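1. have a look at this prediction, sequence included:
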Amino acid sequence: MAGGGFSKLPNGSVVVAITLTGPADGTGPGSPVRVLVHAANRARALTRLRNLGLRAVYLRGNAEPPTPDEVTAVLHHPDGLLWRARPENAQELWHPIRTLLSPSVPAQQN
């Protein structure tokens, strides 16, 4: 993990932002991705990621808290779990977490 942080919202919930290494493409380690999680507290946010198979996710400190734009993005997503590649590309949209974790399925040949 390269960095991460959290922001506590006025309603008591938190948005956790963590930079992780993305999936490898077969030629080496993947590029970093920024993952956003909205949850009731920090422990629940990390549990949500661990339940998705990201077992080695820890949040130590608050070095890279989510930006206001990141908080807005995750609050407006129904799942409350988003990611995008880093460094942030202004043209890239946020993606649902399932697109990062699910393996690519090749098209069936008929």
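-> Ah, there it is.
2. so G30 touches T21, yeah?
-> Yes. Using C-beta atoms under 8 Å, G30 makes contact with T21 at a distance of 5.5 Å. Using the backbone N, CA and C atoms, a C-beta is placed for each residue, glycine as well.
3. so which of those two has more stuff around it?
-> When G30 and T21 are compared on other C-beta atoms under 10 Å, the one with more neighbours turns out to be G30, at 15 against 12.
4. now do the SS call for the more buried one.
-> Per DSSP: H, G, I helix; E, B strand; the rest coil, the secondary structure class of G30 is coil.
5. sorry, back to before: quick one: common contacting residues for G30 and T21?
-> With contacts defined as C-beta atoms under 8 Å, 6 or more residues apart in numbering, no residue is shared by G30 and T21.
6. and the contacts of the longest helix along the chain?
-> When secondary structure is assigned using DSSP state H, the longest helix within the chain turns out to be helix 42-51. Residues lying outside helix 42-51 but in contact with it, judged by C-beta under 8 Å, 6+ apart, are 6, 14-16, 18, 35, 37-39, 57-59, 81.
7. what ranges do the helices span in the chain?
-> Defined through DSSP H, the helices belonging to the chain, from first to last, are 42-51, 68-75, 97-101.
8. which one of those helices lies nearest to P10?
-> Relative to P10, the nearest member of these by C-beta to C-beta is helix 68-75, separated by 11.3 Å.
9. so which bits of that closest one are buried?
-> Using 16 or more other C-beta atoms under 10 Å as the burial criterion, the residues of helix 68-75 that qualify are E70, V71, A73, V74.
10. and the most centrally placed residue in the chain, what pLDDT?
-> In the chain, the residue lying closest to the centroid (C-alpha atoms, centre = their mean) is V35, at 1.4 Å. Here the pLDDT value assigned to V35 is 91.
11. restricting to C-alpha, output stretch 78-85 in CSV.
-> Written as CSV, here are the backbone C-alpha positions of stretch 78-85 (Å, rounded to 0.1, in the frame of the first residue of the first chain):
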residue,chain,number,x,y,z
PRO,A,78,-24.9,3.3,-4.9
ASP,A,79,-22.2,0.8,-3.8
GLY,A,80,-20.0,3.3,-2.0
LEU,A,81,-16.9,1.5,-3.5
LEU,A,82,-15.0,3.1,-6.4
TRP,A,83,-11.6,3.0,-8.0
ARG,A,84,-9.6,4.7,-10.7
ALA,A,85,-6.0,4.6,-11.9
